[in-house]
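1. sharing a model prediction with you, sequence too.
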Amino acid sequence: MLNQSLKLNTKIFNDDVEKISTRQGFGEGLLQAGIENENIVALCADLTDSTKVNIFADKFPNRFKQIGIAEQSMASVASGMAAMGKIPFIASYAVFNPGRNWEQIRTTICYNNQPVKIIGSHTGVTVGPDGGSHQALEDIALTRVLPNMVVISPCDSIEAKKATIACSKTKEPTYIRLTRHNTPVITTTDTPFEIGKAQTVFIPESGLATVGIIATGHLLYKAIIAARELEKNGIRVKVINLSTIKPLDTDAIITLARETKAIVTVEEHQINGGMGSACAECIAQNYPVPIEFIGVKNLFGQSGTPDELLEHYELGTSHIIAAVEKILKRKTRI
Amino acid sequence: MENLTPEKIKELKIKANNIRISIIEMLSEAGSGHTAGALGMADIFTFLYFHALKHDPKRPEWHLRDRLILSNGHICSVLYATMAHCGYFEVEELKTLRKLGSRLQGHPHREFLPFLETSSGPLGEGLSQSVGMAIADKMGDDNKTIYCLTGDGELDEGQNWEAIMFAAKEKLNNLIVFVDRNNIQIDGNTEDIMPLENLPKKWESFNWNVIEIDGHNFREIFEAISKAKLEKNKPSVIISHTIPGCGVKEFENNYHWHGVPPNKEQAEKAIEELKTLGNKIINTQQ
């Protein structure tokens, strides 16, 4: 059942659950952060509307810089502005930011430890018809490997807004991973949010859980739906929302591994180097238990509708349920 | 910027010579590093730190200071030596260059040496950062000059041209770029590796104020900065023709010296040569 101490959206299981993109939440959050702090500036590489930076740019035209299609320079320009006391948000599609400009982010932002906030929109296969070239599936790996970097992958638009506002108040370089398409609203404005804190959003009605699911991004919704199905079949599941991937909430992960002794990770990213890998590093070092990974299996995406692609790449509810059933068998063999 | 008197020029020549001696000493002691570009830029660094920059070595965090960004971080021995001679830290510390735990990293890292405006080394990134600083200055006080120093070889990097377009768009007349036009890079001469000419016309066509100088002539450096500061609508680039390895005949104009240090014997010979030149200047003064 839903952990209602977190004040989650009570309409989450309705067919007409509200759907809003995380990029929209970011855009609203940036506006709010900009109203609160005049040092916040935004830069964009010719994708102002589709990254939703336009919401900030319309309100604060003098604090917005259009860089043109030049993501590499954008990262370093932002570093220079941060060195002068600004808090720059740089936005583009994640394939280009932090993809194209990774080394500029490494050297001029992370090595310098400047508070630049990197906004990567259009992650995952759910980008849809644009095809694999534009579907970032590597960005978590690229960013979590960088010292000083904070990596956040919000589960819905409300959390994206909170993450944007929260990171505008920190000194760390931060990456926020966003999606293009509209996804179910899981949380509410009353749901607590803290960078670095995982939340247990689904708990067994009674007793200890036998499987732990750790999800990040909008696939948290599918993980919750899967958990509800499993619960009906008598399988006790806990689901964690791991929206901050770095720094990792190791306490929450180790506690879950200790309780369930079987973990399934869920993300719309390559399995290689992603959130599941981060969890596996933690679990292997602290409390080794079997892990199944839901993610993209060393493949590029392609054109299609978001729902078709999630099924094709085995990222749907049925795949999460299958992974849980598989890990329960692995667990009993140990 | 104060007027440049003949007495000040003599003083700057002596300073530059002492800085060159420090560069040879520190590179030889380190056993690795980049000799040619550092010696070639010694006059421009000397002029900037001892005449042009608004700064205070005793208050390195003074927020109204001008900013100096070294993009081609591999010539950092000239930056460290000039800062030390200027009073940012003891000249003695130069001997720690490239050693474990040293504040003087092989390429500049501001987490180690906080007096630096940025870390650098990976090429082609300093100009964008300088543009960011110039924009931030314009959003606020608009009373600083941002100086960016780049190599010529690093203009191969496409990121520079992204920044060059953007700086012109933003009319950053508070930005002055020095290009060290010494015609060498690691693998050979710039025009063989990747031709840059017609370099002044390239910058002009991107709508920059372009000035060309002899990078070893203090009067020309002074006049170029003065002219750049009068510019109202454009960023300025000062294409500075320099002699790589300048000051030591054996090192001059030879790309072999781009990325290697002198050994002990070569260093002693070079220092002897530089000291003689120094004496000449002192004798002229007397």
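-> Sure, I can see it.
2. C-alpha only now, for contacts and for neighbours.
-> Will do.
3. which regions of the chain sit below the pLDDT cut-off?
-> With no chain named, the answer covers chain A. Under the criterion of pLDDT under 70, the regions of chain A flagged as low confidence span A:334.
4. my bad, the chain I had in mind was chain B
-> Scanning chain B with the threshold set as pLDDT under 70 gives B:278-286.
5. 50 instead, please
-> Along chain B, the model assigns pLDDT under 50 to residues B:283-286.
6. residues from it in reach of chain A?
-> Taking C-alpha under 8 Å from any C-alpha of the partner chain as the criterion, the neighbours of chain A within chain B are B:109-111, B:117-120, B:122, B:125-126, B:128-133, B:135-137, B:159-160, B:162-163, B:166.
7. the residues you listed in helices, which ones?
-> Among these, the members found in helices (DSSP state H) are B:126, B:128-133, B:135-137, B:159-160, B:162-163, B:166.
8. tell me the most packed of those residues, by neighbour count.
-> Neighbour counts for these were taken using other C-alpha atoms under 10 Å in any protein chain shown; the highest belongs to B:Ser130, with 34 neighbours.
9. return the residues in contact with that residue.
-> Contact partners of B:Ser130, counting by C-alpha atoms under 8 Å, 6 or more residues apart in numbering or on different chains, are A:Val77, A:Gly80, B:Ile69, B:Ile146, B:Tyr147, B:Cys148, B:Leu175.
10. how far off centre is stretch B:65-74?
-> For stretch B:65-74, the distance from its own C-alpha centre to the chain's C-alpha centre is 8 Å (C-alpha atoms, centre = their mean, to the nearest Å).
11. and if you look at stretch A:170-183?
-> Put simply, stretch A:170-183 sits 7 Å off its chain's centre (C-alpha atoms, centre = their mean).
12. circling back to that earlier point, which of the contacts of B:Ser130 has the largest number of neighbours?
-> When neighbours are taken as other C-alpha under 10 Å, the top entry among the contacts of B:Ser130 is A:Val77 (33 neighbours).
13. for that residue, which non-adjacent residue is closest in space?
-> The spatial neighbour of A:Val77 that comes closest, neighbours along the chain excluded (C-alpha to C-alpha, 6 or more residues apart in numbering or on different chains), is B:Gly132 at 4.1 Å.
14. so the one you found sits against A:Ser73, correct?
-> No: checked against C-alpha atoms under 8 Å, the pair B:Gly132 and A:Ser73 is beyond contact range at 9.5 Å.
15. picking up where we left off before, just flag the most distant two among the contacts of B:Ser130.
-> Based on C-alpha to C-alpha, the longest span within the contacts of B:Ser130 runs between A:Val77 and B:Tyr147 and measures 14.6 Å.
16. so which residues on chain A come close to chain B?
-> Proximity of chain A to chain B is confined to A:67, A:70, A:72-74, A:76-81, A:83-84, A:86, A:104, A:107-108, A:111-113 under the rule C-alpha under 8 Å from any C-alpha.
17. how much space separates A:Glu292 from A:Ser243?
-> Note on A:Glu292: its distance to A:Ser243, by C-alpha to C-alpha, to the nearest Å, is 19 Å.
18. the more surrounded of these two?
-> A:Ser243 (33 against 19).
19. which residues touch that one?
-> Here A:Ser243 is in contact with A:Ile152, A:Ser153, A:Pro154, A:Cys155, A:Gly196, A:Lys197, A:Ala198, A:Thr216, A:Gly217 (criterion: C-alpha under 8 Å, 6+ apart).
20. secondary structure and distance to A:Leu47 added to these, as CSV?
-> Written out in CSV, the entries for the contacts of A:Ser243 read as follows (DSSP: H, G, I helix; E, B strand; the rest coil; distance: C-alpha to C-alpha, whole Å):
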residue, secondary structure, distance to A:Leu47
A:Ile152, strand, 21
A:Ser153, coil, 20
A:Pro154, coil, 21
A:Cys155, coil, 23
A:Gly196, coil, 29
A:Lys197, coil, 31
A:Ala198, coil, 31
A:Thr216, coil, 25
A:Gly217, coil, 22
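21. now those residues as TSV including distance to A:Glu231 and neighbour count?
-> Output for the contacts of A:Ser243, formatted as TSV (distance: C-alpha to C-alpha, whole Å; neighbours: other C-alpha atoms under 10 Å in any protein chain shown):
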residue	distance to A:Glu231	neighbour count
A:Ile152	29	29
A:Ser153	26	28
A:Pro154	25	30
A:Cys155	22	28
A:Gly196	28	18
A:Lys197	25	18
A:Ala198	22	23
A:Thr216	21	26
A:Gly217	22	28
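22. closest to B:Ala42 out of the residues you listed?
-> Within those, proximity to B:Ala42 (C-alpha to C-alpha) peaks at A:Ile152, which comes in at 45.2 Å.
23. any idea how far chain B is from the residue nearest to the closest one when sequence neighbours are not counted?
-> When the adjacent residues along the chain are set aside, A:Ile152 lies closest to A:Thr244, with 4.4 Å between them (C-alpha to C-alpha, 6+ apart). If you measure A:Thr244 against chain B using C-alpha to the nearest C-alpha, to the nearest Å, the figure is 25 Å.
24. sorry, back to before: any idea how far the residue nearest to A:Val77 is from A:Ser168?
-> Using C-alpha to C-alpha, we find B:Gly132 at a distance of 18 Å from A:Ser168.
25. same thing with B:Glu111?
-> 22 Å.
26. for B:Lys227, same thing?
-> Counting by C-alpha to C-alpha, the gap from B:Lys227 to A:Ser168 is 40 Å.
27. have a look at the two and say which one is more surrounded.
-> Each of B:Lys227 and A:Ser168 has its neighbours counted (other C-alpha under 10 Å); A:Ser168 has more, 26 against 13.
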